[in-house]
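Colleague: This is a predicted model, with the sequence first.
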Amino acid sequence: MSKSSQNDSPSDSAGAAVETKNRRSSWLKPSLDWLLIFVAIAIVMRFVPGLYNPTWLFIVSCLAIIPLAGWMGKATEHLAEHLGEGVGGLLNATFGNAAELIIALFALSKGLEGVVKASITGSIIGNLLLVLGLSFLAGGVKFKEQKFNRTAASVTATALTLAAIALLIPSVFHQIAAQVPVAEGGWTPAKEQNLSLAIAVVLVITYGFTLLFSLVTHKKLFIGEAMQGATKKVGHELEQCQDETEETHKEVWSRGKSITVLLVATAFVALISEFLVGAIEQARESLGLTEVFVGVIVVAIIGNAAEHSSAILMAMRNKMDLSLSIALGSSLQIALFVAPVLIFASYLFGRPMNLEFTIPEVVAVVASVLIAQQISSDGESNWVEGVQLLSVYAVLAILFYFLPDVHAAATGVINNVAPAAAHP
Amino acid sequence: MSKSSQNDSPSDSAGAAVETKNRRSSWLKPSLDWLLIFVAIAIVMRFVPGLYNPTWLFIVSCLAIIPLAGWMGKATEHLAEHLGEGVGGLLNATFGNAAELIIALFALSKGLEGVVKASITGSIIGNLLLVLGLSFLAGGVKFKEQKFNRTAASVTATALTLAAIALLIPSVFHQIAAQVPVAEGGWTPAKEQNLSLAIAVVLVITYGFTLLFSLVTHKKLFIGEAMQGATKKVGHELEQCQDETEETHKEVWSRGKSITVLLVATAFVALISEFLVGAIEQARESLGLTEVFVGVIVVAIIGNAAEHSSAILMAMRNKMDLSLSIALGSSLQIALFVAPVLIFASYLFGRPMNLEFTIPEVVAVVASVLIAQQISSDGESNWVEGVQLLSVYAVLAILFYFLPDVHAAATGVINNVAPAAAHP
Amino acid sequence: MSKSSQNDSPSDSAGAAVETKNRRSSWLKPSLDWLLIFVAIAIVMRFVPGLYNPTWLFIVSCLAIIPLAGWMGKATEHLAEHLGEGVGGLLNATFGNAAELIIALFALSKGLEGVVKASITGSIIGNLLLVLGLSFLAGGVKFKEQKFNRTAASVTATALTLAAIALLIPSVFHQIAAQVPVAEGGWTPAKEQNLSLAIAVVLVITYGFTLLFSLVTHKKLFIGEAMQGATKKVGHELEQCQDETEETHKEVWSRGKSITVLLVATAFVALISEFLVGAIEQARESLGLTEVFVGVIVVAIIGNAAEHSSAILMAMRNKMDLSLSIALGSSLQIALFVAPVLIFASYLFGRPMNLEFTIPEVVAVVASVLIAQQISSDGESNWVEGVQLLSVYAVLAILFYFLPDVHAAATGVINNVAPAAAHP
């Protein structure tokens, strides 16, 4: 508890030994920054005429998004330090998944509703199964048993159960309402839209209350007992593991630097997202992948890679409260904030999106939430729980790999309404 | 444990100060008794020819049922005090939802099977989400963290999971059996009926054993640790919060008074239920509400209003064991006792009812049970868990609001059998 | 902890008093060995021409399998003692359900795929609901509250949730893929087969890691606290309750005796399985039972009878860790080891089997896993939890009793593809 050696965050005394140790560790630990080279490659491929190839542009853009998303997150955290705990926490909670949001907005503007929904599904299951699984496995290999605050994990897991129920309802509605003739109140696209909008409003309100709980009324639960009274260190801890290639990892960026980095990184994310979304259709056809697989597995992984590495590093340092808060918190943010915001934003594009997911997507989200809740409810983890989460991810990835492109078809399932006719 | 000051029930010494405090609090706390005026209004509207208007009669009857159901519950509790712990507990456990049962019997006699099933669904989800949610929220605003006996909550939550599985089975049976020609053993109304009857028998037997557990072999679990050795006080506690408008709240009613009040309140509930059920069809059409919405939301709320206020008051006094036992216990009673009794009673009316619920109803019950189990399994609550339960209620209410009237249609879902032809 | 009187396993001093007590108890406790007479009867009925009657042969074979499966298990355990903890544990974990595996292989070779899948379902739900339910009930009647290691139970329960998800996926795949024309990547038997094979590989790998966890890295969790430092006694304990009719229960069989008994018992199980499977079709028709009911209820119970009696005896001695490890462990072995092995073996018979279960089977497995997880997650049990598990078993048995034979039909459900045409 009080052993300072256990805590390798740089404290007030920044002696030469610590400096050397940190510099050395920055070479040993993985960094995503070298992937920034793909930003340049993507720009060249896109604008030098002879080099344009949608499949390669898609792949390169995927790799380029990963470090950019990491820099956006880093700049957001530094900026948050200047804004005080409350507003800073809110900033982190709101823009933590900004890269996914930007990709999804571009996809939405191109009418790729199926990819958007699939990437929402993929972000939720990716964080709950892949990130949490790798964290438990990496941490569990080093530590026999790891403990975390059960109440904090439970509140988030329950909010995820609520989200899973909310995402299930529009599918249930469609399938039942489609059995009734429209004249007698049956399914219409307008009704589906209104139902989705009402549910999105409930989700956003619940997210607001969850933030109030975790940032204001019960914030101690989410920091971890070892950290209590040393809240600031959490920021440093996180920063340290991401800033590894820098030597200046001890100091908080100035407000000006934070904002500049945030703006530049956001601009590049937007640019590369435009490349990525523009190439997606041709790329996936030439790679033989379905829209759903690309959304659920590929887009979801690249958008969350920065969180992935943070959560795993925290688990390897036995900071399970932080690790869980990143993995579960990111899932929650996607389900209760990003998804509703996309619904609201879709009205601006003039193509309202609803919250109706395909049956396999609903099954994947419900299954992931159930098993994550089960595993996190006892306040302790070990390596085999990590293996179990990864196995569920593997099973779902197998399903989405074999599944034909059925976004339109699957939403019309369990009734005889032709899906094409049912949609506007 | 022995601090009498913590326990604000009137103890042996009934000093003037206590008396004054109680009298003052009776004006501050809400009472449902002024709603009794609607009993008179309903009777006038029903029998004075020019005043008859089904929509208004329905609304007034709804409001009139609320205090009558409260008086039935109060009289049952006083009578139980005279009968000793065992028989008294049984009486409470059996007649606690008598008002709902009476409304449902009238609806059954009029052939409103859809309303009956919807009100069973609504009572289960209303107690689990609305009552428990408001209790956690009201209690959590006053107390940072509230504790309750995990074992008692778990046993009840598990019994509810069993009930959810049991209510899901007839729908599964219908959908699978309907794919086989009748000649080869396919779906027939008689088979559905026998299956439902067999499941109802299992449910009632399980309810009997659950009562044996909670009233006899493990009764201490259900009283709450602070109450141990002072079982009698529980009755007073509950009584106190309901008897607020009376000044005689310290004394238990005589056996004669209890029986008289019970009979009079029951007679009025029967009368008003008759009005309510008679007006339901015309009223819901003029209000533009579906049968399912009226059953799930309206009938369920009015039938349970008295329990609602008790559970919330208990939570505000930090008596979470009592609050949970009211909310979860009432759900359990509906699922394991009222529902089977209605199946058995339906044979007396010559129109056997089965246990087959629509898909949205099954989804609502399963989702409510899952999230209530998740929230109550850790033995502690806070305000955001209340918000989460209320959000799920909001999402389900939105579903039932948008859903067209599909009771007949939905039961025939996922197969090509015309529902009208499939039912007798 | 150190009270030796609490532990009724024969310790180092084997005095006359202990000897007498054990001999006496061997008459009082139930034994399945007298059922061995049915082995002889089955052989006579099968080979004496005038006595052949498929219905009676089926019944007699069922009864004959029970003690033989018990002897196979016993010999495996004795052999395991000679092989050291690691290899011995692996042997138990791999051949613990060898009798079920042999019956299933015979059924598979006769093309009775429906019976095989139903018996997998039945073994999972039988262990989780019937065995665990009877154990909790029998133990709970003697002891007010029984405790067990929550972490060990959770890891197994989570692995079962993973298995339930894995068994659900092929049905989801079929129903969605069947809506897409084959030309556009729709459902084909080959795809279903590949999907099943991929999932089976994931399951077997996960089983391997689960064994590594329970036998190597975290084995102390699975032994029970009272047993720590006395691992060997566990074997004796188990042996004692099964060897009751013998007087030599204190000594481990020689390696030669173990192997001989194992081979002889296996040979007889194979012989009787051949009778049983050969008579199954005619028997179930004359008894009016469906293929699914025979598989889920009858075959599952006879194959697991030996485990049933061990688990219940352990619970009555308040050794809940052992009781749970038998019941949950046996379910897990069926789901993560026997099921995939049957998929792999089916290729040898030239009739590849897939992992697609009917909807009622999937519902039964998911419901059983959910309620077993719920009940075992708190680390304590009582008699009413046993009743609740048995009630769920009763409800599912009622469903399978009423359900017409729909194995082929149900897999093609929720789409318009004729099942007969969809299968090869």
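Modeller: That came through fine. Residues are numbered from 1 along each chain as shown, chains lettered A, B, ... in the order given.
Colleague: And residue A:321, how far from residue C:219?
Modeller: 28 Å (Cβ to Cβ, to the nearest Å). For every residue, glycine as well, the C-beta is placed using N, CA and C.
Colleague: Which one of the two is surrounded by more residues?
Modeller: residue A:321 (23 against 15; other Cβ atoms under 10 Å in any protein chain shown).
Colleague: my guess is the more buried one meets residue A:149, correct?
Modeller: Yes: contact status for residue A:321 versus residue A:149: in contact at 5.6 Å, counting by Cβ atoms under 8 Å.
Colleague: For chain B, what's its nearest residue on chain A.
Modeller: Chain A approaches chain B most closely through residue A:185 (3.4 Å), counting by Cβ to the nearest Cβ.
Colleague: Contact partners for that residue?
Modeller: Taking Cβ atoms under 8 Å, 6 or more residues apart in numbering or on different chains, we find residue A:185 in contact with A:177, B:290, B:404-405.
Colleague: Kindly report the same for residue A:166.
Modeller: So residue A:166 contacts A:199, A:202-203, A:335, A:355, B:395 (Cβ under 8 Å, 6+ apart).
Colleague: Look up how far chain C lies from residue A:124.
Modeller: 15 Å (Cβ to the nearest Cβ, to the nearest Å).
Colleague: ditto for residue A:387
Modeller: If you go by Cβ to the nearest Cβ, the gap between residue A:387 and chain C works out to 5 Å.
Colleague: so which helix or strand takes in that residue?
Modeller: Using DSSP states H and E, residue A:387 maps to helix A:383-402.
Colleague: Same check on residue A:370?
Modeller: Assigned by DSSP H and E, residue A:370 falls within helix A:359-376.
Colleague: Chain A against chain C: which residues are in contact?
Modeller: A:144-145, A:290, A:358-360, A:363, A:367, A:370-371, A:374-375, A:377-378, A:380, A:382-385, A:387-388, A:391-392, A:394-396, A:398-399, A:402-406, A:409-410, A:413-414 (Cβ under 8 Å from any Cβ of the partner chain).
Colleague: For residue A:115, which non-adjacent residue is closest in space?
Modeller: For residue A:115, ignoring the flanking residues on the chain, the nearest one in space by Cβ to Cβ, 6 or more residues apart in numbering or on different chains is residue A:295 at 4.4 Å.
Colleague: Stretch A:265-281 - what's its average pLDDT?
Modeller: Mean per-residue pLDDT for stretch A:265-281: 88.
Colleague: Name the surrounding residues that touch that stretch.
Modeller: Here stretch A:265-281 has contacts from A:39, A:42-43, A:46, A:54-55, A:57-58, A:61-62, A:64-65, A:68-69, A:71-72, A:75, A:98-99, A:102-103, A:106-107, A:110, A:112, A:115, A:294, using Cβ under 8 Å, 6+ apart.
Colleague: Might one say that residue A:116 is in contact with residue A:106?
Modeller: No: if you go by Cβ under 8 Å, residue A:116 and residue A:106 don't touch, sitting 9.5 Å apart.
Colleague: between those two, what contacts are shared?
Modeller: With Cβ under 8 Å, 6+ apart, residue A:116 and residue A:106 have no common neighbours.
Colleague: which residue does the stretch 151-300 of chain A bring closest to chain C?
Modeller: For the stretch 151-300 of chain A, Cβ to the nearest Cβ, closest residue to chain C: residue A:290, 7.7 Å.
Colleague: Please apply the same query to chain A.
Modeller: residue A:404 (3.4 Å).
Colleague: and that residue, that's in a helix?
Modeller: No: using DSSP: H, G, I helix; E, B strand; the rest coil, the secondary structure at residue A:404 is coil, not a helix.
Colleague: Tell me how many other residues crowd it.
Modeller: Neighbours of residue A:404 using other Cβ under 10 Å come to 21.
Colleague: Please name the residues that touch it.
Modeller: A:290, C:177, C:180, C:184-186.
Colleague: for these, which one is nearest residue B:325?
Modeller: Using Cβ to Cβ, residue C:177 is the member of the contacts of residue A:404 that lies nearest residue B:325, at 47.9 Å.
Colleague: wait, doesn't that closest one sit right on residue C:191?
Modeller: Yes: under the criterion of Cβ under 8 Å, residue C:177 makes contact with residue C:191 at 6.8 Å.
Colleague: Common neighbours of those two, please.
Modeller: By Cβ under 8 Å, 6+ apart, the residues touching both residue C:177 and residue C:191 are residue A:402.
Colleague: which of the two has more neighbours?
Modeller: Using other Cβ under 10 Å, the more surrounded residue of residue C:177 and residue C:191 is residue C:177, with 26 against 19.
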